[in-house]
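>>> sequence first, then the predicted structure, then my questions.
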Amino acid sequence: MTDPLPGTRGPSAAVTLAAAAAVTPAVAPAVAPAVAPAVAVAPSPVAPPAVLLVRLPNPAGDVVMATPTLRALRRALPSTRILWAGKPSSLALLDGLAERDDVVPIEGPMARGILAPMRLGRSWRAMGVDAVLLLKDSFGAGWSAAASKAAVRVGYVRHGRGGFLTHRVETPRGADGKRVPEPMTVRFHRLAAVFGAVPDGLGPRLEVSGAGDGKARMRLVRQRVHGGYFVVSPGAAFGPSKVYPPALLGAAAREVRARTGLLPMVLCAPGEEDLARETAAAIGEPCVSTHDDVARWPEAKALLRGAEVLIGPDAGPRHVAVALGTPVVTILGPTDPGWTRGDEAMATVVRREDLSCLGCHLRACPIGHPCMRTLDPMLVARAAIAWVERGRPTV
C-alpha cells in the first residue's frame with residue numbers, strides 16, 4: 001500500500017458505534033428493523049473448483065460490499081484460480097486488492113447487443129472456467145453462466161434465470177412474500193458459502209494505488225488545496241430520487257465550511273458534471289470541484305481517503321469512503337437502510353423519519369420528492385460537523 005496523502009488514514013481505520021451515535025437525536029445512524037428469519041438456505045458446499053469466475057455486481061456500492069466475500073473466497077480456495085469479471089470501472093475500484101489471480105473486463109462486444117451474454121459466457125468457457133459465482137442478479141448474468149457450461153453455477157433465483165443455475169439460492173422473503181431487506185454483505189456471503197467460504201468478520205476494504213495517489217496529489221496542488229477538505233458527492237447512478245437538491249446540499253456544505261474552516265470539494269462521476277457544477281455554484285467560493293476534469297476511481301479513492309468527511313446520498317462514494325476509513329454523512333430517502341446496514345460505526349444517516357413513503361426504492365419520485373426536498377440542510381451540516389469535531393477515526 002502506498003503512503004497516503006498528508007494527514008490521511010489507512011483502510012483499517014474505524015470508530016466505535018458509541019461515537020457514531022453521539023449526535024443530535026434528530027440525526028441518528030441507520031438502524032434497520034431486525035431481519036426476519038431467513039428462508040434462504042445455500043446448497044451444500046462443493047468441491048474446490050480449478051477455475052472460479054466471480055461475476056461482480058455493477059453498482060459501485062455493491063462492488064465495495066462484495067469485498068468481504070472476495071476475501072473469504074480466497075481463504076477458502078487457496079489453490080483455485082480465481083477470476084473477477086466486471087465492468088472496467090468495477091475492476092478499477094478493486095485495484096490494489098490481491099484476492100484474485102486475474103481480472104476479466106466486460107466491455108466491447110461482450111457488453112453490447114442482445115447476444116452479448118452468450119458471447120461472454122463462451123469466452124469464459126475458453127478460459128477453462130469450471131465454476132461461476134454470480135454476485136449480479138440479472139437474467140443476462142445467468143445466461144452467461146449457462147453459456148460457459150461451467151459444472152457449478154451459483155446464484156440467486158431471480159428474474160426467471162433459475163434454469164441457468166446448478167446451485168440455486170433462494171432470496172429471503174417475509175410472510176408477505178416481499179424480499180427481506182438485508183445487507184448486501186450478507187447476501188453475498190450466503191452465495192459464497194457454497195464454496196465453503198466463511199466471512200472474517202471485518203467490513204469492506206479497499207486500497208489506493210500509487211498511480212491514483214499521485215493523480216490526487218497533482219489535483220490538490222493544481223486546485224490549490226493546501227489544508228483540510230471535506231467531500232460533497234451530489235450524484236447517484238440509481239436515479240434522481242436519491243439526489244438531494246443542489247441548493248439544499250450547498251447550504252449544508254456552506255455551514256460545514258463556516259463552522260470547521262474546511263474546504264468543500266465536489267466530487268462527481270462521469271455523467272454527473274452538470275449536477276456537480278450546480279452544486280459547486282450553490283456552495284459558492286471557496287470551493288473546488290471535479291466537474292471540469294472528472295476523477296476516475298483510482299484518483300477518486302485517494303481523494304476520498306484524504307477527506308475529513310463525505311456528505312452525499314446513498315451511492316457508491318458512501319461505501320468507498322467507509323472502506324477507506326473516512327466517515328460519511330448519508331442522506332437517505334428512497335432507500336431502505338436495511339440493505340446497507342453494518343457501517344454504523346463510520347456512517348451517520350440523515351432522513352425524514354415521519355414519511356410513509358420512505359424506502360420506496362423508486363428511481364423517480366411521483367409525488368414531489370418530499371424525502372429530499374423537505375429535509376433540513378442544517379441537520380446534514382450538524383452531522384458532518386459532529387464527525388469533524390470528534391476528530392479523525394483512530395486505527
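Yep, it's here.
>>> for Ala276, grab phi and psi.
Here is the backbone geometry of Ala276 (degrees, to the nearest 10): phi -70, psi -40.
>>> distance check, it against Asp200.
36 Å (Cβ to Cβ, to the nearest Å). C-beta coordinates here come from the backbone N, C-alpha and C atoms, glycine included.
>>> Pro245 now?
40 Å.
>>> neighbour-wise, which of those two wins?
Pro245 (17 against 10; other Cβ atoms under 10 Å).
>>> for His369, see how far away the more buried one is.
8 Å.
>>> which ones are touching Val388?
The contact partners of Val388, by Cβ atoms under 8 Å, 6 or more residues apart in numbering, come to Phe230, Val256, Thr260, Leu262, Glu308, Val309.
>>> from these, which land in strands?
Phe230 (DSSP state E).
>>> and Pro25, what's its pLDDT?
Note for Pro25: predicted pLDDT of 29.
>>> mind listing the helices for the stretch 251-395 of the chain?
273-283, 297-306, 316-323, 370-373, 377-390 (DSSP state H, counting those that start in this stretch).
>>> how is this protein partitioned into domains?
17-32+206-390, 51-195 (automatic domain parsing).
>>> off-centre distance for the longest one?
So the one you mean is domain 17-32+206-390. Relative to the centre of its chain, domain 17-32+206-390 is centred 13 Å away, using Cα atoms, centre = their mean, to the nearest Å.
>>> try stretch 105-121
24 Å.
>>> residues in contact with the residue nearest to the spatial centre of the chain?
Central residue of the chain (Cα atoms, centre = their mean): Gly61, 1.4 Å from the mean position. With contact set as Cβ under 8 Å, 6+ apart, Gly61 has these partners: Met184, Asp314, Ala315, Gly316, Arg318, His319, Val320, Thr340.
>>> could those residues go into JSON lines alongside pLDDT, distance to Pro57 and neighbour count?
Shown next, in JSON lines, are the contacts of Gly61 (pLDDT from 0 to 100; distance: Cβ to Cβ, whole Å; neighbours: other Cβ atoms under 10 Å):
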{"residue": "Met184", "pLDDT": "92", "distance to Pro57": "8", "neighbour count": "23"}
{"residue": "Asp314", "pLDDT": "89", "distance to Pro57": "15", "neighbour count": "25"}
{"residue": "Ala315", "pLDDT": "91", "distance to Pro57": "14", "neighbour count": "24"}
{"residue": "Gly316", "pLDDT": "92", "distance to Pro57": "11", "neighbour count": "25"}
{"residue": "Arg318", "pLDDT": "94", "distance to Pro57": "15", "neighbour count": "30"}
{"residue": "His319", "pLDDT": "95", "distance to Pro57": "12", "neighbour count": "28"}
{"residue": "Val320", "pLDDT": "97", "distance to Pro57": "14", "neighbour count": "25"}
{"residue": "Thr340", "pLDDT": "77", "distance to Pro57": "13", "neighbour count": "27"}
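>>> any chance you could map the strands in the chain?
Under DSSP E, the chain gives strands at 51-55, 81-86, 102-105, 131-134, 152-156, 167-169, 229-232, 263-266, 288-289, 310-313, 328-331, 347-350.
>>> and the ones you listed as JSON lines, adding distance to Thr67?
Formatted as JSON lines, the strands of the chain follow (distance: least, Cβ to Cβ, whole Å):
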{"stretch": "strand 51-55", "distance to Thr67": "11"}
{"stretch": "strand 81-86", "distance to Thr67": "11"}
{"stretch": "strand 102-105", "distance to Thr67": "14"}
{"stretch": "strand 131-134", "distance to Thr67": "14"}
{"stretch": "strand 152-156", "distance to Thr67": "18"}
{"stretch": "strand 167-169", "distance to Thr67": "20"}
{"stretch": "strand 229-232", "distance to Thr67": "21"}
{"stretch": "strand 263-266", "distance to Thr67": "25"}
{"stretch": "strand 288-289", "distance to Thr67": "29"}
{"stretch": "strand 310-313", "distance to Thr67": "18"}
{"stretch": "strand 328-331", "distance to Thr67": "17"}
{"stretch": "strand 347-350", "distance to Thr67": "16"}
